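Student: predicted model follows, preceded by the sequence.
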Amino acid sequence: MRERRIVHVVGARPNFMKIAPVLEACGRHPTLRSILVHTGQHYDERMSRLFFDELGIPRPDVDLEVGSASHARQTAMILERFEPVLLERRPDLVVVVGDVNSTIACGLAAVKLGIPVAHVEAGLRSFDRTMPEEINRILTDAISDLLFVSEPSGVENLAREGADPAKVHLVGNVMIDTLLAHRERARSSRVLEDLGLEPGRYAVLTVHRPANVDDPESLRGVLEPIVELAGRIPVVFPVHPRSREALARAGWAPEPSSGLVLVEPLGYLDFLRLMMDARIVATDSGGIQEETTILGVPCVTLRDNTERPITLTRGTNRLGGTKPEGIRRAIAGALDAPAARPEPVPLWDGRAAVRIAEILARWARD
Ligand code: UD1
């Protein structure tokens, strides 16, 4: 049987936990040969290399080293640098994950060369076109030949947009594969001891979306209710580089006695441990809404919408919006609610990547 070459693409932090189980599962199929390309969209040790080490991801075969730039320039640089890799390596398929600029750029370069594209985490829609990720999702799905979907809303969205049902596979959530695989290891992280935190008696904040951080007024609006929460229990805030710059621009720093503790971005295991034992998590990340759902930890999403509605209907997530009043109300509601006993989410069982690899192996035989 002919071997099929698959180029897997990663670029930004949330891509790493998604590709890790896919690479591992593909590695068990002798007909599939994997090549890993890192675009270099994220490049800091704490935003990239640390995750490769912790998750056992092999070193990339190719690093495009694009770094940070405006959307147009970053996307263009990835397109320009990825095309020669495709011409040289001649893969049979390109796998892209998530919704970052690397996802659409690499998918577009491939499809223009007639190379089929598989999109992992297809079909998610926030219906908010001001989010750069929403544009990346819509465009990537439109050019993909295989659409691997994590939750039923994704199947509905793709059907409404006219996707060929034969391309659509509801496989579950690869990010949850990684969470379940590393949950036990994360228990030995010493992050709580290092930060002087007691299990169940602290909160976690992450905020990095341009809509929340880039404008100083918006940033202050999001932080106001968080500072109030920090008056009751410590709030740990691992600060994304974009937010670090935004805080500096806004001239904002918490009072040392406020209970809001700013730390550097954390590795996967430390952050997982931090989430596992948190009383509540406030975030504008997509993946964290899913992870807290599986961990049974209350989550307040600092956005008006979510492309992951199953975390609202079956999980522990609630939308707080981006204004102080709504966030305050959502935090109070989450703290007052009885201890969460989330319903299991169908197919978020640790085997999504195995299903993907089986579909790819079948596709390779045809
Ligand atoms: C990107 C994704 C976003 C994802 C996020 C996760 C897009 C459009 N956005 O946003 O969907 O949720 O990653 O982190 O793809 N920087 C560093 N070091 C790094 C990377 C970035 O200092 O390793 C700084 C740079 O100043 C850069 C800024 O952070 O300008 C933003 O980085 P960028 O990759 O443009 O977007 P993110 O906000 O990280």
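Tutor: Received it, and whenever you're ready, just let me know what you need. Quick caveat: nothing in here was measured; it's all calculated off a predicted structure.

Student: helix or strand for the nearest residue to residue 11 once chain neighbours are set aside, which one?
Tutor: Of all residues beyond its chain neighbours, the one nearest residue 11 is residue 102 (2.6 Å), with distances taken as C-beta to C-beta, 6 or more residues apart in numbering. Using the backbone N, CA and C atoms, a C-beta is placed for each residue, glycine as well. Secondary structure from DSSP states H and E places residue 102 in helix 101-112.

Student: does that helix reach the ligand?
Tutor: Yes - with C-beta under 6 Å from any ligand atom as the threshold, helix 101-112 lies in contact with the ligand, specifically through residue 101.

Student: after that helix, which helix or strand is next?
Tutor: Proceeding C-terminally, helix 101-112 gives way to strand 117-122 as the next helix or strand, assigned by DSSP H and E.

Student: take that following strand, keep the C-alpha atoms, and write them as PDB.
Tutor: Output of strand 117-122 as PDB, limited to C-alpha atoms (Å, rounded to 0.1, in the frame of the first residue of the first chain):
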ATOM      1  CA  VAL A 117      -6.800  20.200   3.300                       C
ATOM      2  CA  ALA A 118      -8.200  18.700   6.500                       C
ATOM      3  CA  HIS A 119      -9.400  21.100   9.100                       C
ATOM      4  CA  VAL A 120      -9.500  19.900  12.700                       C
ATOM      5  CA  GLU A 121     -12.000  21.900  14.800                       C
ATOM      6  CA  ALA A 122     -14.200  22.800  11.800                       C
END
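
Student: for this protein, give me the ranges with low pLDDT.
Tutor: Applying pLDDT under 70 to the predicted model, the residue ranges of the chain that meet it are 340, 342.

Student: how about the strands in it?
Tutor: In the chain, strands defined by DSSP state E lie at 4-10, 32-38, 62-63, 93-97, 117-122, 146-149, 168-170, 203-206, 235-238, 260-263, 280-283, 299-301, 317-319, listed in chain order.

Student: name the helices or strands packed onto the first one?
Tutor: It stands for strand 4-10. Contact here means 3 or more C-beta pairs under 8 Å, 6 or more residues apart in numbering; DSSP states H and E; on that basis strand 4-10 packs against helix 13-27, strand 32-38, helix 71-89, strand 93-97, helix 101-112, helix 352-365.

Student: and if we set it to 10 Å?
Tutor: Judged by 3 or more C-beta pairs under 10 Å, 6 or more residues apart in numbering; DSSP states H and E, the packing partners of strand 4-10 are helix 13-27, strand 32-38, helix 71-89, strand 93-97, helix 101-112, strand 117-122, helix 352-365.

Student: so which of these is nearest residue 327?
Tutor: When those are compared for distance to residue 327 using C-beta to C-beta, the nearest one is helix 13-27, at 22.7 Å.

Student: tabulate the CA atom coordinates of the closest one in PDB.
Tutor: What follows is helix 13-27, C-alpha atoms only, in PDB (Å, rounded to 0.1, in the frame of the first residue of the first chain):
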ATOM      1  CA  ARG A  13       0.000  28.300  21.400                       C
ATOM      2  CA  PRO A  14      -3.500  26.700  21.200                       C
ATOM      3  CA  ASN A  15      -2.500  24.700  18.200                       C
ATOM      4  CA  PHE A  16       0.100  22.600  20.100                       C
ATOM      5  CA  MET A  17      -2.300  20.800  22.400                       C
ATOM      6  CA  LYS A  18      -4.500  20.000  19.400                       C
ATOM      7  CA  ILE A  19      -1.800  18.600  17.100                       C
ATOM      8  CA  ALA A  20      -0.100  16.500  19.800                       C
ATOM      9  CA  PRO A  21      -2.700  13.700  19.900                       C
ATOM     10  CA  VAL A  22      -3.300  13.800  16.100                       C
ATOM     11  CA  LEU A  23       0.500  13.200  15.400                       C
ATOM     12  CA  GLU A  24       0.500  10.400  17.900                       C
ATOM     13  CA  ALA A  25      -2.500   8.700  16.500                       C
ATOM     14  CA  CYS A  26      -1.300   9.100  12.900                       C
ATOM     15  CA  GLY A  27       2.000   7.600  14.000                       C
END
